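**Student:** Sequence and computational prediction follow.
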Amino acid sequence: MTAPLAISIGDPAGVGPELAAAAWALSDAEGLPPFFVVGSARVVEEAARRRGITVPVCTIKAPDEVADCFAGALPVLDLADLPYTPGEPDDAGASLALNALAAATGLVRSGAASALVTGPIAKSRLARVGFDHPGQTEFVAEACGVTAENAVMMLAGPSLKVVPITVHVALRLVPDMLTTELIRNRTAITAAALARDYGIARPRLAVAGLNPHAGEDGRMGSEDADIVAPAVAMLRAAGIDAFGPLPPDTMFHDEARAGYDAAICMYHDQALIPMKALDFDEGVNVTLGLPIIRTSPDHGTAFSLAGTGKARVGPTIAALRMAGECAARRALA
Ligand SMILES: NC(=O)C1=CN([C@@H]2O[C@H](COP(=O)(O)OP(=O)(O)OC[C@H]3O[C@@H](n4cnc5c(N)ncnc54)[C@H](O)[C@@H]3O)[C@@H](O)[C@H]2O)C=CC1
Ligand SMILES: NCC(=O)COP(=O)(O)O
């Protein structure tokens with residue numbers, strides 16, 4: 001029998017707990033594989049109640065108990081008995097989020113769970129309790145023995161997949177961080193992961209330029225010709241169907257998107273703005289290049305929505321579905 005998916009609770013004051021509960025309530029209708037929450041049974045129960053949904057919870061000690069209870073209750077590996085305080089994050093909640101992330105990652109690495117779905121955390125709040133990574137991507141990578149450079153963030157929705165080459169850094173640092181090697185390496189990891197986990201045998205990868213008009217022959221910056229173009233040439237020489245650098249402003253309209261499987265972008269917002277504009281309600285953040293499958297909904301903690309019942313569950317369902325599909329594909333390989 002396939003191992004269940006593990007979903008870490010995220011910040012318990014955010015929308016993570018109620019969305020895990022809401023996804024369980026829809027799991028039959030959505031055809032989701034069995035999953036369990038790593039976090040706090042009390043928080044999940046109270047979050048579901050506040051959302052107005054009936055979600056019985058069964059506490060489990062190990063993932064192999066999930067199969068017996070998932071049909072009738074949401075299994076929770078209970079790490080802490082905290083009160084539910086939506087919209088009011090504190091250090092105890094941040095510690096739970098961090099412990100849940102570490103525990104869930106360990107369970108997937110051991111094979112007890114088949115894939116990791118991370119609930120949203122607030123990076124600044126976790127930093128207060130000792131989290132010293134830019135995001136969950138780098139944390140999970142380190143736990144898997146993968147360097148941060150080789151863990152590649154991809155945001156995926158029905159209309160668009162995007163990979164930001166640089167991620168959680170100030171915009172003014174981006175030009176200095178971009179190197180031909182980084183672009184080549186992360187794009188090659190993307191190509192391999194799209195083949196392995198998404199069944200796209202020879203992915204078409206559209207590489208964005210950094211500057212307006214991809215530099216306009218050097219009149220608007222030299223990085224496109226000096227850094228991006230050589231990376232594309234190296235990728236093509238290695239048999240990868242990458243092309244560019246493309247003018248970023250004209251590569252995301254409908255007709256342009258039909259010409260590629262993923263867009264390789266030079267910085268966070270170049271990638272995430274078009275993706276979230278098109279697919280926010282079904283968007284998944286996935287980490288490529290890991291020995292395990294890790295996905296996450298594309299949104300954050302949304303503290304102001306927590307406990308209001310207004311947070312939409314689509315991205316969490318999409319993250320669970322994608323994790324299950326990728327894990328199943330790897331199991332068959
Ligand atoms: N995967 C993760 O752990 C992520 C964590 N974050 C963290 O989340 C915190 C808040 O970041 P923001 O930039 O405000 O992003 P956010 O995604 O939490 O919120 C952005 C906007 O989208 C809305 N929104 C978010 N999720 C929604 C949902 N499920 N349904 C309906 N509307 C939703 C929010 O109300 C807000 O208006 C930050 O600390 C950031 O680090 C942000 C993105 C991803
Ligand atoms: N903007 C994406 C994001 O913040 C998620 O980052 P991570 O925690 O998955 O590394």
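**Tutor:** Alright, I've got the coordinates. Residues are numbered from 1 along each chain as shown. Ligands and ions are numbered 1, 2, ... in the order given.
**Student:** how many neighbours does the closest residue to residue 155 other than its chain neighbours have?
**Tutor:** Excluding the flanking residues, the one nearest residue 155 by Cβ to Cβ, 6 or more residues apart in numbering is residue 275, at 4.6 Å. (Glycine included, C-beta is placed from N, CA and C.) Residues near residue 275, counting by other Cβ atoms under 10 Å, number 25.
**Student:** quick one, what contacts residue 275?
**Tutor:** If you count contacts by Cβ atoms under 8 Å, 6 or more residues apart in numbering, residue 275 has them with 155, 156, 157, 160, 161, 162, 283, 298.
**Student:** just residue 204 next, same as before
**Tutor:** By Cβ under 8 Å, 6+ apart, the contact list for residue 204 reads 241, 243, 259, 260, 261.
**Student:** Equivalent analysis for residue 116, please.
**Tutor:** 5-8, 104-105, 108, 140, 292-295, 323.
**Student:** And it, which helix or strand is it part of?
**Tutor:** strand 115-118 (DSSP states H and E).
**Student:** thinking again about what came up before, before we move on, which element is the residue nearest to residue 155 in?
**Tutor:** Here residue 275, judged by DSSP H and E, is contained in helix 268-279.
**Student:** tell me what the next helix or strand after that helix is packed against?
**Tutor:** Once helix 268-279 ends, the next helix or strand along the chain (criterion: DSSP H and E) is strand 284-288. Counting contacts by 3 or more Cβ pairs under 8 Å, 6 or more residues apart in numbering; DSSP states H and E, strand 284-288 is packed against helix 136-143, strand 152-156, helix 180-198, strand 294-297, helix 314-332.
**Student:** near ligand 1, which residues of this protein?
**Tutor:** Residues of the chain found near ligand 1 (Cβ under 6 Å from any ligand atom) are 15, 120-124, 136, 285, 296, 299-302, 304-305, 311-312, 315.
**Student:** isn't there a helix covering residue 104?
**Tutor:** Yes. Secondary structure of residue 104 (DSSP: H, G, I helix; E, B strand; the rest coil): part of a helix.
**Student:** got the contact list for it?
**Tutor:** Neighbouring residues of residue 104 by Cβ under 8 Å, 6+ apart: 6, 7, 8, 38, 113, 116, 118.
**Student:** What is the burial count for the fifth one?
**Tutor:** Counted with other Cβ under 10 Å, the burial measure for residue 113 works out to 29 neighbours.
**Student:** was I right about it contacting residue 4?
**Tutor:** Yes. Between residue 113 and residue 4 there is a contact under Cβ atoms under 8 Å: 5.9 Å.
**Student:** any shared contact partners between these two?
**Tutor:** In contact with both residue 113 and residue 4: 36, 63, using Cβ under 8 Å, 6+ apart.
**Student:** rewinding a little: redo the helices and strands packed on strand 284-288 as TSV? Include distance to residue 209 and mean neighbour count.
**Tutor:** Converted to TSV, those look like this (distance: least, Cβ to Cβ, whole Å; neighbours: other Cβ atoms under 10 Å):
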stretch	distance to residue 209	mean neighbour count
helix 136-143	24	22
strand 152-156	19	26
helix 180-198	11	20
strand 294-297	28	30
helix 314-332	29	21
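**Student:** I'd like to know which of these is closest to residue 48.
**Tutor:** For the helices and strands packed on strand 284-288, the distance to residue 48 is smallest for helix 314-332, at 13.3 Å, taking Cβ to Cβ.
**Student:** what's the angle between that closest one and helix 268-279?
**Tutor:** If you take axes from the mean of the first three to the mean of the last three Cα atoms, to 10 degrees, helix 314-332 sits at 100 degrees to helix 268-279.
**Student:** Show me the contact partners of helix 314-332.
**Tutor:** By Cβ under 8 Å, 6+ apart, the surrounding residues in contact with helix 314-332 are 2, 5, 7, 19-20, 22-23, 26, 30-33, 35, 114-117, 156-157, 196-199, 280-286, 293-299.
**Student:** Quickly check: that helix near ligand 2 or not.
**Tutor:** No. Figure legend: helix 314-332 not in contact with ligand 2 (Cβ under 6 Å from any ligand atom); closest approach 10.7 Å.
**Student:** That helix: how far from the chain's middle?
**Tutor:** Chain-centre distance of helix 314-332: 11 Å, with Cα atoms, centre = their mean, to the nearest Å.
**Student:** Can you show me the CA trace of that helix as CSV?
**Tutor:** Provided in CSV are the C-alpha atoms of helix 314-332 (Å, rounded to 0.1, in the frame of the first residue of the first chain):
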residue,chain,number,x,y,z
GLY,A,314,-7.9,25.4,-4.0
PRO,A,315,-4.1,25.8,-3.7
THR,A,316,-4.0,23.3,-0.8
ILE,A,317,-6.0,20.8,-2.8
ALA,A,318,-3.8,21.3,-5.8
ALA,A,319,-0.6,20.9,-3.7
LEU,A,320,-1.9,17.6,-2.2
ARG,A,321,-3.0,16.4,-5.7
MET,A,322,0.4,17.3,-7.3
ALA,A,323,2.3,15.7,-4.4
GLY,A,324,0.3,12.5,-4.8
GLU,A,325,0.7,12.4,-8.6
CYS,A,326,4.5,13.0,-8.5
ALA,A,327,5.0,10.4,-5.7
ALA,A,328,2.9,7.9,-7.7
ARG,A,329,5.0,8.6,-10.8
ARG,A,330,8.3,8.0,-8.9
ALA,A,331,6.9,4.8,-7.4
LEU,A,332,6.3,3.5,-10.9
